[in-house]
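[1] next comes the sequence, and after it the predicted model I'd like to discuss.
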Amino acid sequence: MLDVRRGVPGPTLGNYLLSHLGFFTVAPVLAIVLTDILTPLMVGCTLMLFNLAMRSGSLFLTPVISRLPFRVSTGFGLVLAGCAFVLAPHLAGWALVATLTAAGLGVSINGSAIKLFVATHIPENERRQKMFSGIQIAVNCAAAIGPFVGNLLLDRGAEAVFLVTGLAYFVAALSSILILPARGESAEPARSPLRWHVIREGLSRPYAKRAVLLATLGAALYAQLFSSFPVIAAMATEDPLLRGGLFFLNAAIVVVLQIPVTKGSLALITRGWSPMRVMALGVLVLASSLLVLGISPTAVLVLYLVVFVFSLGEAIYIPSVDTAFLDLSTEVSPLELINLRQISNGVGESLGSFIGASAAAAFIAQSPHLLMVAAVVAAIFPLVLVTGIRTTSEKRVA
């Protein structure tokens, strides 16, 4: 049997660091690369399908993932993504669209399998929070390095970008296959999360509706700012170094803050806070970043302050979401709880991305004071949703 204390962090963090190094190498330049290969309409379709598959693709394969050994499910997902990225520059038209959609599906399968691995090997909320915080650090280390690698490779052409991305996924797959255990302690089959009676049953559990609403709001705030921020930054300055520094700073701050923030979150959970209350705190800080943005959306110094507040909210919110959903019930498969979280995240990010890309940037520039009002309204929701939720034990018997 795998030693939980020693065996979980290494394989999990290594998987996320290597796979996300590949992801963040291609993600910042993917639209640029595709513009030279596909029509504008097909570029939009490709990015939409890639992100949809990446965020929610594994939902269609839940019964299969729950039956496979961990090393098989993660290895398959990573190899699928790696093969798709390597093949991508040699294809065109709808064949390229389908291939990148398959890459997104591979990323999604690996993510769900790794979260199930953590859920079945770490039963305590405190240690789960610590593990998911470690994953967040690994992801942001990759987010700080990957864009630089991608932009350097861009001068060599699309083939170089996709090849290095694919190789990163192959190395991640090899490490997962060699290190991860064959099967976890809870490998019972899970039901498809896309059936209405499964969703309804999941929402019927104590405080599940609140968790879903809170996670959806958090994901919408997160995605809205991410999708609108490049336009806002471009309105604030034409200096590419200043704009690039904003995005690098986000990843760097999360890496620096994640350890002390995790210690603070663990202290709150130890004192009796439920993981959902910690998640609500993260959503509250994310909403506060919009409040700061409303001070002066076109001032560069304000934007750097926004990045700091947003990064703090991200460091609190992202790790606590998985912990909060896994804490909803001990009576069902952890994968079903992960899927419920994934549905919330998919809905929230889709809504937030649509708002951010379509209207938020123009609205923020023209009506900053209304933005501050919207931020206050958004901040009220997490406070209302966690009213009456104090501790994990109280929540489970409610």
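    That came through fine.
[2] can you give the domain ranges for the protein?
    1-189, 193-398 (automatic domain parsing).
[3] mean pLDDT for those domains: which is lowest?
    Note on the domains of the chain: lowest mean pLDDT is at domain 193-398, with a mean of 76.
[4] ok, now which ones touch the residue nearest to residue 317 when sequence neighbours are not counted?
    Spatially, and ignoring its direct neighbours in sequence, residue 317 is nearest to residue 282 (2.7 Å; C-beta to C-beta, 6 or more residues apart in numbering). From N, CA and C alone the C-beta is placed, and that goes for glycine too. Contact partners of residue 282, counting by C-beta atoms under 8 Å, 6 or more residues apart in numbering, are 218, 313, 314, 315, 316, 317, 318, 320.
[5] could you do residue 338 as well?
    Residues in contact with residue 338 (C-beta under 8 Å, 6+ apart) are 112, 115, 116, 119, 322, 325, 326.
[6] and residue 222, by the same measure?
    By C-beta under 8 Å, 6+ apart, the residues touching residue 222 are 286, 314, 317, 348, 349, 352.
[7] repeat that with 7 Å
    Residue 222 makes contact with 286, 314, 352, according to C-beta atoms under 7 Å, 6 or more residues apart in numbering.
[8] I'd guessed the first one sits against residue 311; true?
    No - when contacts are counted by C-beta atoms under 7 Å, residue 286 is not listed as touching residue 311 (10.1 Å).
[9] the two: which is more packed in?
    Higher neighbour count among residue 286 and residue 311: residue 286, with 28 against 24, using other C-beta atoms under 10 Å.
[10] and the closest residue to the more buried one other than its chain neighbours, what helix or strand is that in?
    Nearest residue to residue 286, sequence neighbours excluded (C-beta to C-beta, 6+ apart): residue 313, at 3.8 Å. Element membership for residue 313 (DSSP states H and E) is helix 300-326.
[11] check residue 140 too.
    Assigned by DSSP H and E, residue 140 falls in helix 125-154.
[12] what's the nearest residue to the spatially most central residue of the chain if we skip its chain neighbours?
    Compute the mean C-alpha point of the chain, and by C-alpha atoms, centre = their mean the closest residue is residue 318, 7.1 Å away. Take residue 318 and drop its neighbours on the chain: the residue closest to it by C-beta to C-beta, 6+ apart is residue 136, 5.2 Å away.
[13] now the closest residue in space to residue 311 that isn't next to it in sequence: how far from residue 30?
    The shortest distance from residue 311 to any non-neighbouring residue, by C-beta to C-beta, 6+ apart, is to residue 253 (3.8 Å). Here residue 253 is placed at a distance of 24 Å from residue 30 (C-beta to C-beta, to the nearest Å).
[14] compare the two and say which one has the larger neighbour count.
    residue 30 (22 against 19).
[15] which of the residues in the host helix or strand of that one are classified as buried?
    According to DSSP H and E, residue 30 maps onto helix 30-35. Buried residues in helix 30-35, counting neighbours by 16 or more other C-beta atoms under 10 Å, are found at 30, 33, 34.
[16] contact partners of it?
    Contacts of helix 30-35 (C-beta under 7 Å, 6+ apart): 43, 46, 47, 154, 158, 161.
[17] please redo it, this time with the cut-off set to 8 Å
    With C-beta under 8 Å, 6+ apart as the test, helix 30-35 has contacts from 26, 42, 43, 46, 47, 50, 96, 154, 158, 161, 162.
[18] I'd like these as TSV, with neighbour count appended.
    Shown next, in TSV, are these (neighbours: other C-beta atoms under 10 Å):
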residue	neighbour count
26	26
42	16
43	19
46	24
47	17
50	25
96	20
154	16
158	20
161	26
162	26
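[19] can you pull the contacts of residue 47?
    Residue 47 touches 30, 31, 34, counting by C-beta under 8 Å, 6+ apart.
[20] now name the helix or strand holding it.
    Following DSSP H and E, one finds residue 47 within helix 40-56.
[21] in that helix, which residues are buried?
    Here helix 40-56 shows 42, 43, 46, 47, 49, 50, 51, 52, 53, 54, 55, 56 as buried, counting by 16+ other C-beta under 10 Å.
[22] next SSE downstream of that helix?
    Using DSSP H and E, the helix or strand that follows helix 40-56 in sequence is helix 62-67.
[23] from the contacts of helix 30-35, pick the one nearest residue 344.
    Closest approach to residue 344 among those (C-beta to C-beta): residue 50, at 20.4 Å.
[24] from residue 85, how far out is the closest residue to the closest one other than its chain neighbours?
    Using C-beta to C-beta, 6+ apart and skipping the chain neighbours, the partner closest in space to residue 50 is residue 104 (4.4 Å). Between residue 104 and residue 85 the computed distance is 10 Å (C-beta to C-beta).
[25] out of those two, which sits in the busier spot?
    For residue 104 versus residue 85, neighbours defined as other C-beta under 10 Å are more numerous around residue 85 (29 against 24).
[26] related to what we said a few turns ago, please name every helix or strand in contact with whichever helix or strand the residue nearest to residue 50 is part of.
    Using DSSP H and E, residue 104 falls within helix 93-121. With contacts defined as 3 or more C-beta pairs under 8 Å, 6 or more residues apart in numbering; DSSP states H and E, helix 93-121 has these neighbours: helix 9-26, helix 40-56, helix 62-67, helix 70-87, helix 125-154, helix 158-179, helix 300-326, helix 334-355.
[27] go with 6 Å
    helix 40-56, helix 70-87, helix 334-355 (3 or more C-beta pairs under 6 Å, 6 or more residues apart in numbering; DSSP states H and E).
[28] now these in CSV, with distance to residue 179?
    Shown next, in CSV, are the helices and strands packed on helix 93-121 (distance: least, C-beta to C-beta, whole Å):
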stretch, distance to residue 179
helix 40-56, 24
helix 70-87, 8
helix 334-355, 21
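[29] residue 207: which of those is closest?
    Closest to residue 207 of these is helix 334-355 (C-beta to C-beta; 12.1 Å).
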